[in-house]
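Engineer: Provided below are the primary sequence and the corresponding predicted coordinates.
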Amino acid sequence: ARLAAARYGKDNVRVYKVHKDEATGTQSVTEMTVCCLLEGQIETSYTEADNSVVVATDSIKNTIYIKAKEHPVNPPELYAAHLGQHFLDKYPHINAANIKVIVHRWTRINIDGKPHPHSFYRDGNETRNVEARVSREAGIELKSAIQGLSVLKSTGSAFHGFVRDEYTTLGETWDRILSTDVDATWNWKTFATVADVEKGVERFDQAFEAARNITLKTFAEDESASVQNTMYKMCEEILEKAAEVEVVGYSLPNKHYFEIDLSWHKGYKNTGKDAEVYAPQSGPNGLIKCEVARS
Ligand SMILES: O=c1[nH]c(=O)c2nn[nH]c2[nH]1
């Protein structure tokens, strides 16, 4: 037998960092969950119980905290680049670091119309994520994402004209509920160094805001003919907005809401244009994926 692939490290490292603006007394907080997996000349730790090549996962966890102390944790793309590059700079036998940063939402609470200086609430399970691969071979590869942004529209969605054959029972509809959990990703051009990531660093927050706003606006305003077509429009707009992004992808579950025929009860009308009471489905769900690149 031979070792075909190997990477190891620490997962589920929860990190919180506060920034205190002395001048205004305003405090800002960031909470994230980090995974960091290393690759390199570590084969003998698997094949020969040679631990001399192992940077302990406990040390990797410590490094995640130290780098959060030494460097900004925002944007997460910059923190991930600093963290990954550290392992290449410190350990000659480590050739790649695979990092995932999941940033949780702490949104500032507005009290009587005024933003509170140090109080926040979790407005949804949506997260902002970054996956970074920092390697000697390729440099810094960054993939940003929005995950878990649940949306629903009560109309403005249709689905008709699809294949009808002996396997088809689904009726055509010109007016349906559309609901999904947004999983949007955008891949950046490769950065050669951390300095290159740092130069024009505002690009990352701008792309995140653009991707989130385009997703919500297109979802709301598009007279959707299908999940496929609506998500394609989102990708086109994000590519247009973010010059240094090479590929945009979406993976959208179609979370179905079924009409309930209540005509058995006193002839109640509750289907088609009279539908008001629906049965939200936990599964099965449609799952529609795409990746869109520049032509
Ligand atoms: O938007 C949709 N796309 C599909 O491919 C599909 N299949 N069933 N319902 C669907 N809705």
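Structural biologist: Received, thanks.

Engineer: Can you check the pLDDT for Arg212?
Structural biologist: Arg212 carries a pLDDT score of 98 in this model.

Engineer: and what of His71?
Structural biologist: Here the pLDDT value assigned to His71 is 98.

Engineer: Leaving out the residues flanking it, which one is nearest to it?
Structural biologist: Nearest residue to His71 in three dimensions, chain neighbours excluded: His82, at 4.5 Å (CB to CB, 6 or more residues apart in numbering). Heads up, the C-betas are built off the backbone N, CA and C, glycines and all.

Engineer: Confirm the one you found sits in a helix?
Structural biologist: Yes - assessed with DSSP: H, G, I helix; E, B strand; the rest coil, His82 lies in a helix.

Engineer: Tell me what whatever residue of the stretch 51-200 of the chain ends up closest to the ligand is bridged to.
Structural biologist: Proximity to the ligand, evaluated over the stretch 51-200 of the chain using CB to the nearest ligand atom, is greatest for Phe159 at 4.4 Å. The partner list for Phe159 in beta bridges (DSSP bridges) reads Thr173.

Engineer: picking that back up, burial of the residue nearest to His71, as a residue count?
Structural biologist: Residues lying near His82 (other CB atoms under 10 Å) number 21.

Engineer: Is it correct that Lys189 is in contact with Ala242?
Structural biologist: No - counting by CB atoms under 8 Å, Ala242 is not a contact partner of Lys189; they are 10.4 Å apart.

Engineer: Looking at the two now, which is surrounded by more residues?
Structural biologist: Taking neighbours as other CB under 10 Å, Lys189 and Ala242 compare with Ala242 leading, 21 against 11.

Engineer: And the more buried one, how far from Glu236?
Structural biologist: Ala242 sits 12 Å away from Glu236, going by CB to CB, to the nearest Å.

Engineer: Tyr46 too?
Structural biologist: Distance from Tyr46 to Glu236, by CB to CB: 45 Å.

Engineer: ditto for Glu131
Structural biologist: 23 Å.

Engineer: So the two - more neighbours on which side?
Structural biologist: Glu131 (19 against 14).

Engineer: Test for you: state the pLDDT assigned to the more buried one.
Structural biologist: Predicted confidence (pLDDT) for Glu131: 98.

Engineer: Same check on Phe162?
Structural biologist: For Phe162, the predicted pLDDT is 98.

Engineer: for the stretch 151-295 of the chain, what spans make up the helices?
Structural biologist: Here the stretch 151-295 of the chain has its helices, by DSSP state H, counting those that start in this stretch, at 194-198, 202-221, 227-241.

Engineer: Please report how far the nearest residue to Arg203 once chain neighbours are set aside lies from Ala49.
Structural biologist: In space, and not counting its chain neighbours, Arg203 is closest to Glu244: 5.9 Å by CB to CB, 6+ apart. Separation of Glu244 from Ala49 (CB to CB): 45 Å.

Engineer: ok, now Leu142?
Structural biologist: According to CB to CB, Leu142 and Ala49 sit 35 Å apart.

Engineer: Pick out whichever of the two has more residues nearby.
Structural biologist: More neighbours surround Leu142 than the other of Leu142 and Ala49, with 26 against 7 (other CB under 10 Å).
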